[in-house]
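Undergrad: coords below, sequence missing:
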């Protein structure tokens, strides 16, 4: 079996992995890099691809798949929830992209018509390649993939989180004996705050701000983080008004039809029903005048209704902005965190509101990544991907030294035989 890395090597974004046997070629994810202009993985002629397996809806994993539906009809294997959330995110990507994309809404429609819905633990076949989905614990509907072909077993973790959250169960870890393990390394160098401690601090801080008459803006990703924050507030019996805005509303609407993916479906439904959904500008203006919590994308303050909210909430010291997502360098969220500055009324100004970061991550931290590798059975070769700023190399070195498995941080275009 040949494994070829097409993107997502030494970087976070545009991940794509090709798995090839003598008869079949399958792609694991095919995402985009969203910088100022979209970046794509290495090209694979669609005629050479027998099927695409999509692990979850985030654009760095899903965003370039419509390329395979310009002239063809390639099957895309994914969970039903991932399909609906991918349609939402890719549609928004097409709508917002001011750059030329090689596909349009028509190709997205064709992609949706060629989805093959696959459940956890259900075995599927593409040619002589068999595979199964295992829970990834990353975002609702996300999976790891166990691929079996030519007598070999390969696991692709994609983005995964082995820690249980209010929203999701932790990732599946009992793979049995495997020959190769393709693992992300987003936080190979960083530990996350323990969940109980993090939630307690978050709830205490939010409650304090609201009880002094302030409004808390929580800029959050539409898919996963927004719903998790709502669940955290519900689990801790937060009694003040909570407002949900932006694409998080549509994502939540989709998720409400797929509650089997959640750790505690009742908590999830109570959390979403406990929020007020913003229907228009009047609701937005009212939300910033009242003490309470506003959960709104974009998670890095890069557009979305949160850009409006920051201009109102940021002006008063009794308010707060609590960032709960990773802030990429150069984004307004990172600028706010490091310099306390943000664009308000068209000018860069000092934000008077209290600003804090709470590390609600949906990825494994360093110790969870290490634990995942230490517990592997067999003598697998480890391929480290999906990490920026040297994390792929660092983690591969750590594995070799401390676990003794062969470990590689591949470059784009590298191919290996398992």
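TA: It's in. From a predicted model like this one, the values you see are computed outputs, not experimental measurements.

Undergrad: ok, the residue of the chain most remote from its centre to residue 206 distance?
TA: Here the chain reaches farthest from its C-alpha mean at residue 212, the gap being 33.9 Å by CA atoms, centre = their mean. Using CB to CB, to the nearest Å, we find residue 212 at a distance of 11 Å from residue 206. From N, CA and C alone the C-beta is placed, and that goes for glycine too.

Undergrad: nearest residue to the residue farthest from the centre of the chain in space, please, no chain neighbours.
TA: residue 318 (5.7 Å; CB to CB, 6 or more residues apart in numbering).

Undergrad: can you pull the pLDDT of the one you found?
TA: You'll see residue 318 listed with a pLDDT of 97.

Undergrad: likewise residue 255?
TA: 98.

Undergrad: so after the helix or strand hosting residue 283, what's the next helix or strand?
TA: Per DSSP states H and E: residue 283 is located in helix 281-287. Sequence order places strand 292-296 as the next helix or strand after helix 281-287, per DSSP H and E.

Undergrad: pull out the buried residues from that next one.
TA: Across strand 292-296, burial judged by 16 or more other CB atoms under 10 Å covers 292-296.

Undergrad: which helix or strand contains residue 356?
TA: Residue 356 belongs to strand 354-357, assigned by DSSP H and E.

Undergrad: can I get the buried residues of strand 292-296 in TSV including distance to residue 192?
TA: TSV is the format used below for the buried residues of strand 292-296 (distance: CB to CB, whole Å):
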residue	distance to residue 192
292	27
293	22
294	25
295	20
296	23
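
Undergrad: tell me what the helix or strand following the strand holding residue 356 is packed against?
TA: Following strand 354-357 in sequence order, the next helix or strand is helix 366-374 (DSSP H and E). Applying 3 or more CB pairs under 8 Å, 6 or more residues apart in numbering; DSSP states H and E, one finds that helix 366-374 contacts strand 180-184, helix 391-402.

Undergrad: of the ones you listed, flag the one that's most buried.
TA: strand 180-184 (a mean of 25; mean count of other CB atoms under 10 Å).

Undergrad: which residues does the following helix or strand past it contact?
TA: With elements assigned by DSSP H and E, the helix or strand that comes after strand 180-184 is helix 195-211. Applying CB atoms under 8 Å, 6 or more residues apart in numbering, the contact partners of helix 195-211 are 163-166, 192-193, 215-216, 232-233, 235-236, 238, 240, 291-293, 318-320, 322, 324, 354, 356, 358-360.

Undergrad: mind redoing it with 7 Å?
TA: Helix 195-211 has contacts (CB atoms under 7 Å, 6 or more residues apart in numbering) with 163, 165, 216, 232, 236, 238, 240, 291-293, 319-320, 322, 354, 356, 358-360.
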